[in-house]
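>>> Quick one, fold the following:
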Amino acid sequence: MKKIGLIGAGKMGISHLAILGAHPDVDVIGVADTSTVVTDVLKRHTSFDVYSDYLEMINEKKPDAVFVSVPTKYHEPIVQKLLDRNINVFVEKPFSLNTENGTKLMETSRTKHIYNQVGYHNKFIGTFMEAKKIIDSGSLGKLQLFSGNMNGPVVAKTREHTWRSKPEEGGGCLMDYAAHLIDLINYLIAPITLVHGADLMSFYSASVEDAVSCLLETKNGIHGTINVNWSDETFRKMSTSITILGSKGKLTVDSTELKVYFREEQAIGNYTKGWNVRHINALSPHVDFYLRGEEYSLQIDHFINVLEGKALNNINTFESALQTDKVIQQIKNHKIN
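Okay, the predicted model is just below:
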């Protein structure tokens, strides 16, 4: 049984709390939030120990790990204090707003052998997990090109009074949504090392971008594009898809479906020559507690397994999240406007 604390009980924090509270190997030792509205509700309607000061919680309860689900601008100081106390950390994405500070946090966790994970949950979606297996098997042959798309109706009207409109708080389509797509490409194909061009466009927002279009190159020389638009009201919710072309086939994957074309008979799984289609309901691993999607439970299961020595700390680490942050910084430096 691992003692887990939670800092920040907003949208993602409450999701994490529900899953952690139902986890058979977790004892939620406390929840900390600075909002009296939030803490009053938690005290009234839950049995969790509730704190307004997270340092009081960790000093009193001595957790094995802490989930950090606060606004991005607070990630760095809170994570640093946890690392100083040798506490394992799960922090929401993006990892940091400053790559230099992010590098220091990553190096500290590595030097002190502290387990860490960042909340890029898409890696735990069944279709993307299956895509990873196919790509790693070499069945697509030599990878040649990729394209990634992400669209949805997050900001479909002028809105200047939320954190999403403030770059200093991690707002903007690039940091908030394109980060997911960049992180997936880094994972599925290879880390992106070069940005050859980028256009950041605003439709409704005055201080941040609403759409991002980039030409990218991975460390092994594969070129591709990403196009992300969080102001597309023709989508019911944000939708992420990636297409990868190889010398032996082609793969297109999103959160609900994987389509793969092979030029010749394949030895991997039960795939055949030509087009193959697999749906999410056939690819999603079982979870004991479902909330919003299996991936949210699976990422927490993985972190708890790492703490218990049942899994390697090699998915969504500070190091991989920092790679994503560095690509974001490159895109900002290469923007056209």
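
>>> my guess is residue 19 contacts residue 296, does it?
Yes. Judged on C-beta atoms under 8 Å, residue 19 makes contact with residue 296 at a distance of 6.3 Å. The way it works is simple: take the backbone N, C-alpha and C, and place the C-beta from them, glycine included.

>>> Would you indicate which residues of stretch 210-229 are buried?
Buried residues in stretch 210-229, counted by 16 or more other C-beta atoms under 10 Å: 210-214, 216, 218, 222, 224, 226-229.

>>> what does stretch 65-72 give?
Neighbour-count burial for stretch 65-72 flags 65, 66, 67, 68, 69, 70, 72 (criterion: 16+ other C-beta under 10 Å).

>>> what about it, average pLDDT?
Stretch 65-72 comes out with an average pLDDT of 96.

>>> now swap in stretch 232-242 and tell me
Regarding stretch 232-242, the rounded mean pLDDT is 93.

>>> Just the CA coordinates for that stretch, please, in CSV.
Below are the C-alpha coordinates for stretch 232-242, written out as CSV (Å, rounded to 0.1, in the frame of the first residue of the first chain):
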residue,chain,number,x,y,z
ASP,A,232,-12.6,24.3,-34.9
GLU,A,233,-16.3,24.0,-33.8
THR,A,234,-17.0,21.3,-36.4
PHE,A,235,-15.5,18.9,-33.9
ARG,A,236,-17.5,17.9,-30.8
LYS,A,237,-14.3,17.6,-28.7
MET,A,238,-10.5,17.6,-29.3
SER,A,239,-9.5,14.8,-31.7
THR,A,240,-6.0,13.6,-32.2
SER,A,241,-4.7,11.6,-35.3
ILE,A,242,-1.4,10.6,-36.6
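
>>> quick one: which of the buried residues of stretch 65-72 is nearest residue 286?
residue 67 (22.6 Å; C-beta to C-beta).

>>> How about the contacts made by that closest one?
Residues near residue 67 by C-beta atoms under 8 Å, 6 or more residues apart in numbering: 4, 5, 6, 7, 13, 16, 20, 90, 91.

>>> For the third one, grab the count of nearby residues.
Around residue 6 there are 26 other residues, counting by other C-beta atoms under 10 Å.
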